[in-house]
Each structure stands twice: as structure tokens, then as C-alpha cells.
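**Student:** got a predicted model here, sequence first, then my questions.
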Amino acid sequence: MMRWNSNKLLTVVAWATLLFTGCGGGESPDPPAIIDASALPELPQTVNQGEFPRGAPRAPVDVRIALVGEVRGELEPCGCPTLPYGGFTRRAVKLKELREAGPLFHLDAGELLLKGFSTDRSRDEKTRTDAMLRLSNEVGVDLWVPGPTDLIAIGPTKLRDINGPRRISASWQNAAGTALLPPSAILQKGGIRLGVIGLSAPIQDPDIRKEVITIDPVVAAKKALADLPDDLDLVIGLGNISDEAAERVVSEVEGLSALLKIRSGQYNEPTPSTLTDASTPPVLEAPDRGRYLQVFTFRAAGNPDRPALVYPEARLWRERAISGDDTPFEELGSGRNLVGVATIPLSKDLDGGQIGHQRVDAALDRFKTQSLNAAALRAKKAPAQNDPHYASSGGCVHCHSSEFARWSLSGHAQAWMALVTREETKNPECLSCHTTAWGEPSGLGELSASGIRKFKGVQCEACHGPMGGHPDDGRVRPQPIQEATCLTCHDEANSPDFEFVSYLRQASCQGGSPMPGVAP
């Protein structure tokens, strides 16, 4: 193939100009002078997109990772959301299938333990925390980076000692400046060595902030990376830092192939990489609530700390997994790390007829039994002195018959029947939102026929508070309906379209009008 230097190129251009300008007739101009190219400014070099950037080629190694994050106390799928996905049983079934295809690392990016977004320790939080940790062990979580609400659920002192998945965080130190947890970990399966650094979000709870200091994520990441060995197949970050902090880390820290994290507000779909932005590690997120498994296949054929390219051809990844044919990846992947992303819903297709998750089901049954027993004991207790007790809607209807009639036509009144239809009438995860006064002193405890008849559905006292003694006892007054009361059930996970005023119009026993003090 003929190659042209700049002198020859300029000469040809000059002669071509002469020929075209001379075609119009008339006197021929003088022959052009030969231009000295060395006197011209140097032209910018063209980037060869097919060669940028590559490291020293090595035999490709597949590093497969199944990621969850922001599970937030969800033990099993709720039937209320539009997409009732998730649950530890379905996760166990899918993970078993994935592991049959080869080594798989299962990682949790944090915010695991507390139900919803609440930062309050509820009466059942220890039971739930114990169940979440036990179930995470049962499904084989290899590594967990605790988030701020996880620290609230456990407390700094117990964080090291609890019987849960292995945990790391380069972000947190105690008041003496000592690391609260190991900053990084090396995971090894099937001869594959994965280096992981943990990045936890800052603590918001004022009491815990007295005990735990949060280090800047860039500083924490650089320090943790410096301590990792060189003989790794891949190096990644894992955690629950914000989008802004994540962008700082991947922009300012060298040594990561990718950063895996929970979503920050809105979930961000993986963005395919281009060769021009391959100098920055991709930030890859996990959908919330454990309703999906985010499965990454890293084809590591470059330096373990070289930024990975997100290669979006899902069909090629699937065909490669089935046939083992690596040919389509050889040219692009030589000396590079590629990653393919598969978002797998944990749907009802994974229910029934599966084996290998008996221990998971046993742990779930144990949690339910403990919760039911605890609720029954609390309901038997008499209310504290001067505290009102629950009367049920049967005590309200005598004076508020028109309001009762309006309520009886609402979805709140039919909440119990939704559990009957789904055969979930003994599931404590559902009872708190589909009955009234579940587990409260003088409320619903034992699931007897009389107890269910008295407290089934979302009744008056679910919104207005216990009204036993009203109207004779002047101290007992209905409480105004607050948005916070609704959000205990109408949370982002199970009621994503909730909007306080419009929902209140539908549910109000006042004929569709808002409560006093609520904007129309």
C-alpha cells in the first residue's frame, strides 16, 4: 500500500490547483513553488480509535458478579406494587442457576437492613435485622458494604461482631481514627481473584456521627487501593455513595475498573462506553429492593485496574455464554476489560418446583413465626396509663354512620380481602398495612375469627389514632391525618404513584374533601 508523506501531499495539491485553474484558457501561470512542509505548524495526530486505550494483552478471564443494593428490609415480594418482584427465595433460585455456569461473586452494595427509608428503630427491627443477615448468608452474599441506615440498625459497636456477610468500608473511622471495618477485600473463586474497595455514604444520624467519622471518598479510595496486591484479575469499587461522590471517585482516582453502587434517587441505566471515554471507569447501579439481580460479566483481558468498557451487545454476550465462542470479542477486547450487563427480574417465573432453597424458606418461616408471636404478646398488653385504647370501627359507626358508609366503599375497607385473594392472611409483612392496630396494645394480635372481624381493613383508627373512650373521655380526640402516617404503607416501594392530597380525596370519609389544614 502506497504511503504519502506531507511533502508529497502538498506538491500534489499544488499541481492539482494549477491544472484546474488552467482549464479556462489564457496564459498559463508559472509553475508552483515547492512548499517546504517543515516550515508549517505540525498537524494534530489522528487518534486511532481501534487502538485506544489498550494495555498489555493477556488471556481473557471472566469475572462474573451478581449485584444487589438498597434491599431495605424486603424479605419477599409484596403483592401491592405494579411489579411484585424480588424476595430471598427467588434470589436463591436464580443464583443457583447462575452458579451452575461457573464462578460467581455475589455482592451487596448496602442499605440492606432497615425497612423502607425510615431511620427509626421500630419494635420489630431486631427481628428483621437478624432475618436479613441470616438470609443474606443463606443466599451466599460474598461481600457487603454497609450503608448509613445499616449502621443505624446495628450500631457501630456490633457492626464488626454480627453474624452476617463479610463487610468492608474504607469510608468510616471511629473517633480515634481507626478503621471501623477493613477498607478492602480480596475474593477468590475458581482461581479468579477479585479486589474490592468499600465506599460507604456519610452518616446522617447525629448520635452515630459522634462515634463514626466519614472520610472523603476520593481520599478513602486512594488509600484503600494502595494496599491491594498486584496479582488480581480485576479491581472494582463497591458501595452506596451518591452520584456526585461516585463521579469524583472515577474522575480523580486511578486504579478501578468499575464502580458498582446503589442508585441515588432515580436508577440510572448502564450507559454503553465509547473508546473516547474509556479513560474513566463506568459507574454501574443496582435496582432497589432486591427485585432484580444486576449481573455483570467482566471479560478481563487488560490490566486489572484498567477502566472497563461497557459493551452493550447483549445478544453476543448470551451467545458467548452458551457456545463459548469468544471470537466477536477478540479484536475489541485485546488488552482491554469489557463488561456486559444483564438485569434479571426476580419474578414469579422462579416460584414453585425449585429445589436448593429450603434453608432460605426455613429462615423466612422463622421470621414470620417470631413476628406473629411478638404481635400477639403486644396486643395482650393493656395500654399504658392515660393512653387511649382501640375501639375498632364498630365503636365509631354509632355516631359517624355517614362517614362509615363512605369509608365502606373505599379501597381501605377492602384491604383485608386483597390478602384473602392472595392467601397472605398470615403474613406479618402484609398484616400491618391491611389491618388496623396490628400488634398494638388492645389491637389485633392473635389471628382469631373475632380479632379479624374486629380489626380487618384500614379502619378509622389507622388514620386518626386509637379512639377508645371517645366521646365520653374528653382527652381522646381524633388526630389530623398526616402524610407521614400514610407513608408507613404508601411508601415508594409499594405505592410509587402516591400523592398525599389526591389519595386523601379518594380515601377520606368526609366525602372526598381533604382534612382541615390540608391544601386542596
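**Tutor:** Good, I have the coordinates. For clarity, every value in this text was computed on a predicted model and none was experimentally measured. Numbers count the residues shown, from 1 in each chain.
**Student:** and Gly340, which of the three is it?
**Tutor:** On the three-state scheme (DSSP: H, G, I helix; E, B strand; the rest coil), Gly340 is labelled strand.
**Student:** gap between the closest residue to it other than its chain neighbours and Ala258?
**Tutor:** Once flanking residues are discounted, Gly340 sits nearest to Trp317: 3.8 Å by CB to CB, 6 or more residues apart in numbering. C-beta: built from backbone N, CA, C; applies to glycine. If you measure Trp317 against Ala258 using CB to CB, to the nearest Å, the figure is 16 Å.
**Student:** low-confidence bits of the protein, can you list those?
**Tutor:** Along the chain, segments meeting pLDDT under 70 span 1-53, 116-123, 274-278, 353-356, 510-520.
**Student:** can you confirm the residue nearest to Gly340 is in a helix?
**Tutor:** Yes: read with three-state DSSP, Trp317 is one of the residues of a helix.
**Student:** more neighbours, Trp317 and Ala258?
**Tutor:** Ala258 (24 against 21; other CB atoms under 10 Å).
**Student:** surely that one and Val339 touch.
**Tutor:** Yes: counting by CB atoms under 8 Å, Ala258 does reach Val339; the two are 6.4 Å apart.
**Student:** show me the contacts for Ser136.
**Tutor:** Asp108, Leu112, Trp144, Gly164, Pro165 (CB atoms under 8 Å, 6 or more residues apart in numbering).
**Student:** where's it, which helix or strand?
**Tutor:** Secondary structure assignment for Ser136, by DSSP states H and E: helix 125-138.
**Student:** list the contacts for the residue nearest to Gly340?
**Tutor:** By CB under 8 Å, 6+ apart, the neighbours of Trp317 are Thr297, Tyr311, Gly340, Ala342.
**Student:** filter the residues you listed to the buried ones?
**Tutor:** With burial judged by 16 or more other CB atoms under 10 Å, the buried subset of the contacts of Trp317 is Thr297, Tyr311, Gly340, Ala342.
**Student:** closest one of these to Lys223?
**Tutor:** Thr297 (29.5 Å; CB to CB).
**Student:** now do the shared contacts for Ala258 and Val339.
**Tutor:** Contact criterion CB under 8 Å, 6+ apart; residues shared by Ala258 and Val339: Pro282, Leu284, Phe296, Phe298, Ala308.
**Student:** let's have those residues in a markdown table, adding secondary structure, neighbour count and distance to Gln414.
**Tutor:** Formatted as a markdown table, the shared contacts of Ala258 and Val339 follow (DSSP: H, G, I helix; E, B strand; the rest coil; neighbours: other CB atoms under 10 Å; distance: CB to CB, whole Å):
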| residue | secondary structure | neighbour count | distance to Gln414 |
| --- | --- | --- | --- |
| Pro282 | coil | 23 | 46 |
| Leu284 | strand | 24 | 42 |
| Phe296 | strand | 23 | 43 |
| Phe298 | strand | 24 | 49 |
| Ala308 | strand | 26 | 50 |
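**Student:** what is the nearest of those to Ser169?
**Tutor:** Scanning those for proximity to Ser169, where the rule is CB to CB, the winner is Leu284, at 19.1 Å.
**Student:** the longest helix seen in the chain to helix 125-138, inter-axis angle?
**Tutor:** If you go by DSSP state H, the chain has its longest helix at helix 358-380. If you take axes from the mean of the first three to the mean of the last three CA atoms, to 10 degrees, helix 358-380 sits at 180 degrees to helix 125-138.
**Student:** show me what the next helix or strand after helix 358-380 is packed up against.
**Tutor:** Moving toward the C-terminus from helix 358-380, the next helix or strand (DSSP H and E) is helix 393-396. Counting contacts by 3 or more CB pairs under 8 Å, 6 or more residues apart in numbering; DSSP states H and E, helix 393-396 packs against helix 401-408, helix 460-464.
**Student:** highest mean neighbour count out of those?
**Tutor:** helix 460-464 (a mean of 22; mean count of other CB atoms under 10 Å).
**Student:** so what does it touch, helix or strand wise?
**Tutor:** Helix 460-464 packs on helix 393-396, helix 401-408, going by 3+ CB pairs under 8 Å, 6+ apart.
**Student:** output the very next helix or strand once past the longest one as PDB, nothing but the C-alphas.
**Tutor:** Per DSSP H and E, helix 401-408 leads on to helix 415-422 as the next helix or strand towards the C-terminus. Coordinates of the C-alpha atoms in helix 415-422 are reproduced here as PDB (Å, rounded to 0.1, in the frame of the first residue of the first chain):
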ATOM      1  CA  ALA A 415     -57.700  -4.100  52.100                       C
ATOM      2  CA  TRP A 416     -58.300  -7.400  54.000                       C
ATOM      3  CA  MET A 417     -59.900  -9.000  51.000                       C
ATOM      4  CA  ALA A 418     -56.800  -8.400  49.000                       C
ATOM      5  CA  LEU A 419     -54.900 -10.700  51.400                       C
ATOM      6  CA  VAL A 420     -57.700 -13.300  51.300                       C
ATOM      7  CA  THR A 421     -57.400 -13.300  47.500                       C
ATOM      8  CA  ARG A 422     -53.600 -13.700  47.600                       C
END
